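>>> Return a 3D structure for these sequence lines:
(2 chains)
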Amino acid sequence: MAERICGVNTVADRRYYHFVAVSGKGLSVATYWKKLSEMAEIERSKVTVPIESSRFTLEHRKLRSDRGYARGATAQTLSEKGTGRPPFLYDLFAAKIDLEGDLYLILGFPFAALAREAVDYLTDRAFFKSSEFQGVDLSKLLSEKNRPLPHFDGLNSRVMGVQFTVTDDKSLTSLRLGGDNPFKAQIYEAFLKKKFEQGLWVPDQCVLACERDAGTSKQERPKLSGAMLRSRLHIDNSGNFKFYMHVGCSNVALIPYAIAQIGAAACLKEVFGNPLRRIEQDEVG
Amino acid sequence: MPAKDSSGTKLAATKHEQPTRLWLSLLEDINKVEWPPTVEGQRWRVELTSSDTLHGCNHNGLYRTSPVFPATQHFRTPDIRSGIYYFCFYCFDPAFPVLGRLSRKGSQDLKAGLLYTIGLASILLVTKRRSLADAIEQIAGVSARAKEVWHVDRGRIKSILCECPALRTSNSTVITLLAYGALPLVAKTTVDEFVANMALLIPKVQLHLPGEMRTYTRLVGLVNELVNEMLYVSNPIDAPPETLSEYTEKQFAASASLRNRILYQNIDRLVQINSALSYVSTQALSGAVPILDRRSLIRRYSLLGVGTAVLALTRIAHSIESAFAQGALEQVLSDRGMDLLPLPGLDKLPDYKTNQWKDFSIDSVKGKVKPREAYPKLPYFSGRLGFRETEYTISAALQTLAAGGSEEWSLLTVTHEMVHGHVRNLLSVLFQGDPNGRPDHKWKEFYDRFETRCKGNPPARENLLDSLRSVILSYCCTSVKLGSLTKDLWNPANSPGDQEIKISLPLLSPESLLLVYETEYRNISEILVHVLDLHYFYNSSLSNYIPLIWRSWSKAPQVRGDLRQYLLRSLLVIAVKTEGTPHERFHSARSRLLELLQSLQEHDGARIPVIDEAAARLERDYTEKHLFFSFLGSLILVDTAHHVLTSSRIRGAINAGDTHLRPTAATTNEEWLEYDMPDGFVDDVVMSPTAYIAHRLTQPISDGKGRDIEAETAALFLACSSHEVEGVIHG
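Predicted coordinates:
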């Protein structure tokens, strides 16, 4: 029987990761790890993050904790000894983006509850004092002007889903459109377009399908050359980014590009407080 | 998660224990008689006292005072009797996002002295460092509209520095009234009073609330209409003015009674306006820089006044009125109502069928709807009137100044009052008829058409207006037999049982029907208002609406005295979301109401007597005997409001463009939109104040006895005054 791969030798993959973005002065990935290490032990992992770029820094670490955020097989995989019992080792990602002088720090966690606790911890200790949480101005991102979203350094993103908050109809509070191109759907063209443009139906969440050839940029030295990196990025307007990690988190390199692409379209905006407060409890864990 | 502290648990943020209520007081020396008063001569003393009550401050002699609230948990109460302090008052508009910026970006020193108030000077910094006063505007990124700094040495004011913009326009550009010298004495003096009121008010409004000038300009226009009518009826020569075009010159010449009626009606309206202006003048502007210039007449706030609270009330009223103006239902009905198809299903009145009504609703009107002109309302707080709406005013209960963030004294009650104005306009359009027709002729025509409809034959060229009138007049006729909100006609012979109820329509004479319509007007209005209020401001969520209105009713003595009416109102509004026969709807509504009231019976460990009593009545056969028949008779109004008179344009306009609204995880069988904005002050504005208040009421910042409702209420006023609806009032 093959030895179980667990703890520091593995990575929590094939799941959604929760990311938050902050912007401000004096942000660095190193300081982030340092500050977070006051909360719990941070270890270097044996998993390699497939990106190196002058524009981006993306790092991966393991957080050791006695607290369980998963059950069953996932808990076994994350536990240090593969027993499903503490301590557990959680995969964290942190990226720094330099977008023409504007600095963004992107922090990723495999579980919403862990994300919320870590961000609350850092907030309480003034880590974000000189920075602002960033969310997406969805009305702007999804406006006709930004469809399709301008390519960014080889990254192509298209809208795969959008949810509108409905305030004018007594029988409806929200409506979600999914599909290859919801903005070309008959229902949108015939009915929703006007509501959206008048500001009566406000987009609350959207899903972007992101795709990039790992070897398209001259700036980077990809470690997965020739492969297409793909993922879905779920965005809400509170500042939550939910990113689907493929096997081995091989597509994690897309996350800085995806957020930079939104930033380049001038659709990032300041939001207030920990965005993770919006994550529903039943999603936690 | 293990934190790296000794206990091995995550460290909680250390919270500084907040002081109890803080009072900023200015103590005056009763023996100092000096005119004009000088800072040196008056020897004013300042105190910042922590006490639950004003009496607990132990002030002696004359004083002015106001409650003030720490803006952050970093606040530290200063000992102002030792050393020099600067009391810096700022009037920002809006102040809410400025407090958001200061809370986030201010230094520890700044936050240690940062307070907020419900006066126009809503931000107060108490500091030993004068330089921090400038830091406020730097962090805010905008200049304060006005500011004032008190230099206080060991508790005594040494100097006062005021900074206020200079006035650019003169009064004469605003108050341009028709020459009214020819009016009778009382009418003339009433207009004089208006002129004097405006002269006092306008310069200060221009200075401190420039956005509100549109309201006053429009008000002058309205008063000119009243004056013009009074001038005409005082000397009716030539054709009457357009606003009196339903009468002829001949009628005016022949009828002194008609002339007097219009004269006295208009004087009465002017008296209402003058009274409201006095309130507005003393409430909105007392406490404006220079702060010591005027003393607020609401003595608990005599130092800084309640200007921000009045501004919040103003902007809430504007946002609602603006939405109604966008929907322009009055315009739609009066311009197109005659051409719109009548409601089907009225062939066997008082029985009716609603299954096709949705297709005939106000929403189904095709073509562009031009927003109507918005009607200005003068807002104020009143201890005597409580929540009330009139043609020109909107008042909120005085208790809301301290407790408007609580369910019992909720500021959201304003929506109900504003909907009353909307419904009054709708009813007046329905019964306005030909603008040039005589009132008695019009009534006869309405009656004849209704009579034809009652006989099962549609009147000639029947239209939507006819149908809506038929609904209301049918209700009036059946109310004589079945009772209404205010009329309990139960007798032991009447018992609904479980069988289908058949009711007949006793067609009244024209005179009796008019009398019943006038008597039932308030009840008709109440029922329509409840249904529209639920849809427009409570997201059609009964599980939020019913608890909130009952919590607010629990403090109103008249509710216990007339419990039947309030139970019936609740059952009727719940009936909106029921289906089936009237009997099935009644039982379904009763079960739902009982369920909702039972969840409310205990609050903070104490029983709420009025809710106990209401629930007890619902459990007995009382409902069948005393509520069912009136419920049955009133259902037609509920269904009309629900299917025909709710406008998605209005509902959309109330929250349009506000990105904070989003569906919440449903914990009941109803959806709800929450207002997703973090607690406390945020560097943002609240575009939809009613949605913000509804959210705060349904998801309070904290539960239980630790809540500082007054501080929350003050913050609520700042939030609700943070966004000015543009283009509400057309001059």
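
>>> Show me the beta-bridge partners of B:Pro67.
Applying DSSP bridges to B:Pro67 gives these bridge partners: B:Trp23.

>>> what sits against it?
By C-beta atoms under 8 Å, 6 or more residues apart in numbering or on different chains, the contact list for B:Pro67 reads B:21-24, B:117, B:300-301, B:402, B:710, B:714. To be clear about C-beta, it is placed using only N, CA and C from the backbone, and glycine gets the same treatment.

>>> Can you tell me which of those residues is nearest chain A?
B:Ala714 (19.6 Å; C-beta to the nearest C-beta).

>>> pLDDT value on the closest one, please?
For B:Ala714, the model assigns a pLDDT of 97.

>>> Excluding chain neighbours, what is closest to it?
Leaving aside its sequence neighbours, B:Ala714 sits nearest to B:Ile118 (C-beta to C-beta, 6 or more residues apart in numbering or on different chains; 4.9 Å).

>>> Next: A:Gly178.
Closest residue to A:Gly178 apart from its sequence neighbours, by C-beta to C-beta, 6+ apart: A:Gly161 at 4.3 Å.

>>> Now, the contacts of B:Pro67 that are in strands?
Using DSSP state E, the members of those that fall in strands are B:22-24.

>>> Quick check: of those residues, which lies closest to A:Val202?
Nearest to A:Val202 among these is B:Leu22, at 39.0 Å by C-beta to C-beta.

>>> wait, isn't that closest one in contact with B:Thr49?
Yes: judged on C-beta atoms under 8 Å, B:Leu22 makes contact with B:Thr49 at a distance of 7.0 Å.

>>> Comparing the two, which residue is more hemmed in?
Neighbour tally, B:Leu22 and B:Thr49, criterion other C-beta atoms under 10 Å in any protein chain shown: the higher count belongs to B:Leu22, 21 against 18.

>>> Give me the pLDDT for that one.
On the pLDDT scale, B:Leu22 is placed at 96.

>>> What's the separation between the nearest residue in space to it that is not next to it in sequence and B:Ala144?
Excluding its sequence neighbours, the residue lying closest to B:Leu22 (C-beta to C-beta, 6+ apart) is B:Val68, at 5.0 Å. The gap separating B:Val68 from B:Ala144 is 17 Å, by C-beta to C-beta, to the nearest Å.

>>> Quick check: mean pLDDT of stretch A:161-177?
In this model, stretch A:161-177 has an average pLDDT of 90.

>>> buried stuff in that stretch?
With burial defined by 16 or more other C-beta atoms under 10 Å in any protein chain shown, the residues of stretch A:161-177 counted as buried are A:161-170, A:173-175, A:177.

>>> Let me know the closest of these to chain B.
Nearest to chain B among these: A:Asp168, at 2.9 Å, using C-beta to the nearest C-beta.

>>> What about the closest one? Give its phi and psi, please.
Phi and psi for A:Asp168, reported as degrees, to the nearest 10, are phi -100, psi 0.

>>> quick one: it and B:Ser648 touch, right?
Yes: with contacts counted by C-beta under 8 Å, A:Asp168 reaches B:Ser648, the gap being 4.3 Å.

>>> got any residues that touch both of those two?
The contact sets of A:Asp168 and B:Ser648 do not overlap (C-beta under 8 Å, 6+ apart).

>>> For the stretch 151-285 of chain A, which residues are neighbours of chain B?
A:165, A:167-171, A:173-174, A:195, A:198-200, A:202, A:204, A:237-238, A:270, A:272-273, A:277-278, A:280-282 (C-beta under 8 Å from any C-beta of the partner chain).

>>> Tell me which entries of those lie within strands.
Judged by DSSP E, the subset of those located in strands is A:165, A:174, A:202, A:204, A:270.

>>> which one of those residues sits closest to A:Gln186?
When these are ranked by distance to A:Gln186 (C-beta to C-beta), A:Ser174 comes first, at 19.7 Å.

>>> Just the element for the closest residue to chain A within the stretch 551-700 of chain B, please.
Here the stretch 551-700 of chain B gets closest to chain A at one residue, B:Gly652, 2.9 Å apart by C-beta to the nearest C-beta. According to DSSP states H and E, B:Gly652 maps onto helix B:648-655.

>>> now swap in B:Tyr85 and tell me
strand B:84-91.

>>> Just the buried residues of that strand, please?
Within strand B:84-91, the residues that qualify as buried are B:85-91, counting by 16+ other C-beta under 10 Å.

>>> Pull the contacting residues for the residue of the stretch 251-400 of chain B found nearest chain A.
For the stretch 251-400 of chain B and chain A, the shortest gap (C-beta to the nearest C-beta) falls at B:Asp363, measuring 9.4 Å. Counting by C-beta under 8 Å, 6+ apart, B:Asp363 touches B:646-649.

>>> Can you name the residues that contact B:Val365?
Going by C-beta under 8 Å, 6+ apart, B:Val365 touches B:332, B:336, B:340.

>>> Likewise for B:Arg259?
B:233-234, B:236, B:252.

>>> B:Asp684 now?
So B:Asp684 contacts A:272, B:96-97, B:100, B:677, B:722 (C-beta under 8 Å, 6+ apart).

>>> One more: A:Arg278?
Shown in contact with A:Arg278 (C-beta under 8 Å, 6+ apart): A:236, A:238, A:240, B:676.

>>> Close to chain A: what parts of the stretch 551-700 of chain B are there?
Contacts of the stretch 551-700 of chain B with chain A, taken as C-beta under 8 Å from any C-beta, map to B:646, B:648-649, B:651-659, B:661-663, B:665, B:671-673, B:676-678, B:682-684.

>>> Excluding residues flanking it in the chain, which one is nearest the closest residue to chain A within the stretch 151-300 of chain B?
When distances are taken as C-beta to the nearest C-beta, the stretch 151-300 of chain B reaches nearest to chain A at B:Gly211, 21.3 Å away. Spatially, and ignoring its direct neighbours in sequence, B:Gly211 is nearest to B:Glu724 (5.0 Å; C-beta to C-beta, 6+ apart).

>>> how far away is the one you found from B:Asp93?
Computed as C-beta to C-beta, the B:Glu724 to B:Asp93 distance reads 8 Å.

>>> So the two - more neighbours on which side?
B:Asp93 (21 against 17).

>>> Which strand or helix spans the residue most central in space within chain B?
By C-alpha atoms, centre = their mean, chain B has its centre lying nearest to B:Val414, at 2.4 Å. Using DSSP H and E, B:Val414 sits in helix B:413-430.

>>> Between helix B:413-430 and the helix or strand following that helix, find me the angle.
Of the helices and strands lying after helix B:413-430 in sequence (DSSP H and E), the nearest is helix B:439-454. Counting by axes from the mean of the first three to the mean of the last three C-alpha atoms, to 10 degrees, helix B:439-454 lies at 90 degrees to helix B:413-430.

>>> which helices and strands does helix B:439-454 pack with?
For helix B:439-454, the packing partners by 3 or more C-beta pairs under 8 Å, 6 or more residues apart in numbering or on different chains; DSSP states H and E come out as helix B:464-482, helix B:510-537.

>>> Can you say which of these is packed in most?
Among those, helix B:464-482 has the highest mean neighbour count (mean count of other C-beta atoms under 10 Å in any protein chain shown), at a mean of 23.

>>> which helices and strands sit right next to it?
Counting contacts by 3+ C-beta pairs under 8 Å, 6+ apart, helix B:464-482 packs against helix B:413-430, helix B:439-454, helix B:510-537, helix B:628-640.
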